[in-house]
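Trainee: for reference, the sequence and a predicted model appear below.
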Amino acid sequence: MSKHSSTQNASRTNGSTVTETSATNVPAVDPRLLVRERGFAGYLAEFKGKLRSGDLGSVPVVLGLILIAAIFQGLTGNFLNAGNLSNIALYIAGPGLISVGIVFVLLLGEIDLSLGSVAGVSAAISAVLSIQHGVNEYLAIVIAIVAALAIGALHGFFFAKIGVPAFVVTLAGMLTWSGLQGYVMGNTGTLNNIPNGVIANLDNYFFDSVAAAYGLAAVSVAGYLAAALLGARSRREAGLPFRPVSEIGLRAGLLAVLAFGAAYVLNQDRGLPLALVVLLGVVIVTDFVLRRTTYGRKVFAVGGGVEAARRAGINVARLRISVYMISAGLASVGGLFMASQAGFADKQTGSGFVLMNAIAAAVIGGTSLFGGRGKTWSALLGALVIQSIITGLDLEGISQSIQYMITGAVLLGAVVLDSVSRRTQKSAGRG
Amino acid sequence: MVHTDAPILALRSVSKRFGAVQVLTGVDLEVRAGQVVALVGDNGAGKSTLVKTIAGVHPIDEGTIEWAGKPVHLTRPQDAQALGIATVYQDLALCDNLDVVANLFLGRELVRGGRLDEVAMEKRAKELLDTLSIRIPSVRIPVAALSGGQRQVVAIARALVGDPKIVILDEPTAALGVEQTAQVLDLVERLRERGLGVILISHNMADVRAVADEVAVLRLGRNNGVFPVATTTHETIISAITGATDNAVTRRQARVAGANQ
């Protein structure tokens, strides 16, 4: 505007100054650039902007969790008891691990319907080997996981190399491996876990020293703080925008409240459960792999555009096979935890709504069904939501049929949120 | 035109078939360092297919591709990338969900201690975009949030990340405005000054004449002449593209010339 008027003025008075005036008026930096304000105000502004443009992240699921906890505490009066919360932490291990695998597959924009059966067949293999054939339990577990990896590789092969839609491959897998599970179990109805064996301890073992839970909380907060501060420093030294210390402090503070709060509650009951440690460890490691390694970058790239990824030199087929191996491997570990939880392995382990709940957990946690967006933390958050609903309704004595309907409604709500936020992101130019 | 005589990249009677369709028949092409070769031809002449054979997307059926005088087999995009052939496709092939930095370094991420070196990548991305005078809102927003022109320059910048020797640009100015077209042409000249060989596919004769040293014409999947731009008339190139001196374009020009007289 000013450029325009000055040009007009100049041309009216003295034509020779026109070019000079307009040249100096061009700003060195494009005024449309998104320059973030320094400091905490800038952080808040950016956060609000993200919410407005539909980049909701984990906000809905965290709000949902708080709401669920508040409702059930109000209804039952004992939802927030240490014992109940500790049980929820135990219950989410198996489904949560399967759900982490689902997140990998969803990031590719694909689906894996076989993971419930894979979990079941793994539990069956390790149980039959260790209980009926006297194989060392660790060895039996390793064999079960290797079998699952092979199954995943087979799914990946048919999908990535032969070109059969993943939906069909894994649907066939769901039937096949469920059949194999029954075949492996043979005439045995149920195989009870070896008392105090490895499988049994997956669920039963608690680090009962008070220091364990607090120690883990302290290590997590210190680790986060160190990583964030070092990251901010190296970005500042490189002359790049960095997170202000105030923002890092706020995040570390929130994490500390959460971690030490959880540690306190767990210590009120039986202590820090091994199952929770495994789940958290898997989530943290997979999150690192997805966000900080070339492998993870490839997964996101294939989820965002297969052709673009292929042209960038990514071996799409190999990547797809590896992702199906990861999902099957994690489902196998999840199956072992579910057998541990139940106290036995049988022909029903991993059947029914296990798979559906795992997919629902990933989606409720904020991983997109459309590929390319999500994180493994969403598996943990989503599993927490579903388990909280189930446990709360159990406490209220509400029948399973009602539970299914409510879980279904929550899943639909999460997908609606995903679709709507995608649309908002599109219109805000971020989708 | 600071090019040496030995071509970096040479195609010798390359043929390619898709099922029953013979897309390329005995095509030759040479590109030297510091040379801009415009590849022109009508729709369906085989320009895109030729480019994809060089980029390793479609392996050739017959003929040889020579790199620095030695025959090479390009069966995968990685093979071409490893040699130093970078391609910017018309559809850009960017991952919408990844940010600008991630797209620039896709497939050749900088790694330190087993993890992505985001700081180094972001720094290099900014330097690269600055030297090319490319302005985008932020290097950390998803590519989906950029305009068409911004996506084009990001795609070209991405081709330069791996320090290639040959850059293939497929219709780089087709979707651009006046100023951005000029920027892209400047960019092409800067690539030549750096001693890179450039293959430029374009329908826009003004662009071709502005930056190209040579024009290689494809017609119906065959070579139809290679012309030095400086000494060749517009009409010669057009007639090579259309395959005749008597065609709709020349008839119209004659008619317009006649009307003007």
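Mentor: Great, that's in hand.

Trainee: count of neighbours near the nearest residue to A:Asn204 once chain neighbours are set aside?
Mentor: In this structure, A:Asn204 finds its nearest non-sequential neighbour in A:Ser340, 7.4 Å apart by C-beta to C-beta, 6 or more residues apart in numbering or on different chains. Bear in mind the C-beta positions are built from the backbone N, C-alpha and C, glycine included. By the measure other C-beta atoms under 10 Å in any protein chain shown, the count of residues near A:Ser340 is 26.

Trainee: which phi and psi does B:Gly148 have?
Mentor: phi -60, psi -50 (degrees, to the nearest 10).

Trainee: that one touches B:Ala175, doesn't it?
Mentor: Yes - counting by C-beta atoms under 8 Å, B:Gly148 does reach B:Ala175; the two are 5.0 Å apart.

Trainee: who has more neighbours, the two?
Mentor: Per other C-beta under 10 Å, whichever of B:Gly148 and B:Ala175 has more neighbours is B:Ala175, with 15 against 12.

Trainee: what pLDDT does residue 80 get?
Mentor: Looking at chain A here, since you left the chain open. pLDDT for A:Leu80: 90.

Trainee: actually chain B
Mentor: At B:Ala80, the pLDDT recorded in the model is 88.

Trainee: same question for B:Ala174.
Mentor: 81.

Trainee: ok so, going back, residue contacts, the residue nearest to A:Asn204?
Mentor: A:94, A:193, A:199-204, A:275 (C-beta atoms under 8 Å, 6 or more residues apart in numbering or on different chains).

Trainee: now the residues you listed in a markdown table, with secondary structure, neighbour count and pLDDT?
Mentor: Shown next, in a markdown table, are these (DSSP: H, G, I helix; E, B strand; the rest coil; neighbours: other C-beta atoms under 10 Å in any protein chain shown; pLDDT from 0 to 100):
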| residue | secondary structure | neighbour count | pLDDT |
| --- | --- | --- | --- |
| A:Gly94 | helix | 31 | 94 |
| A:Asn193 | coil | 27 | 90 |
| A:Ile199 | helix | 26 | 90 |
| A:Ala200 | helix | 18 | 90 |
| A:Asn201 | helix | 17 | 90 |
| A:Leu202 | helix | 24 | 90 |
| A:Asp203 | helix | 23 | 89 |
| A:Asn204 | helix | 19 | 88 |
| A:Ala275 | helix | 25 | 94 |
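
Trainee: tally of neighbours for A:Gln403?
Mentor: Around A:Gln403 there are 18 residues (other C-beta under 10 Å).

Trainee: that one against A:Leu393, yeah?
Mentor: Yes - between A:Gln403 and A:Leu393 there is a contact under C-beta under 8 Å: 4.9 Å.

Trainee: quick one, strands of the stretch 51-200 of chain B?
Mentor: For the stretch 51-200 of chain B, strands defined by DSSP state E, counting those that start in this stretch occupy the ranges B:62-67, B:70-72, B:85-88, B:111-112, B:115-116, B:166-170, B:197-201.

Trainee: could you point out which element follows the last one?
Mentor: Counting by DSSP states H and E, the next helix or strand C-terminal to strand B:197-201 is helix B:205-211.

Trainee: which other helices and strands does that following helix contact?
Mentor: Using 3 or more C-beta pairs under 8 Å, 6 or more residues apart in numbering or on different chains; DSSP states H and E, the elements in contact with helix B:205-211 are strand B:36-40, helix B:178-193, strand B:197-201, helix B:234-242.

Trainee: contacts for the longest one?
Mentor: Contacts made with helix B:178-193 from outside it, assessed by C-beta under 8 Å, 6+ apart, are listed as B:34-36, B:132-134, B:149, B:152-153, B:156, B:160, B:167, B:169, B:172-173, B:176, B:198, B:200, B:207, B:210-211, B:213.

Trainee: list the buried residues in that helix.
Mentor: Neighbour-count burial for helix B:178-193 flags B:180-181, B:183-185, B:187-188, B:191-192 (criterion: 16 or more other C-beta atoms under 10 Å in any protein chain shown).

Trainee: before we move on, back to that, with mean pLDDT added, can I get the helices and strands packed on helix B:205-211 in a markdown table?
Mentor: Shown next, in a markdown table, are these (pLDDT from 0 to 100):
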| stretch | mean pLDDT |
| --- | --- |
| strand B:36-40 | 92 |
| helix B:178-193 | 83 |
| strand B:197-201 | 92 |
| helix B:234-242 | 84 |
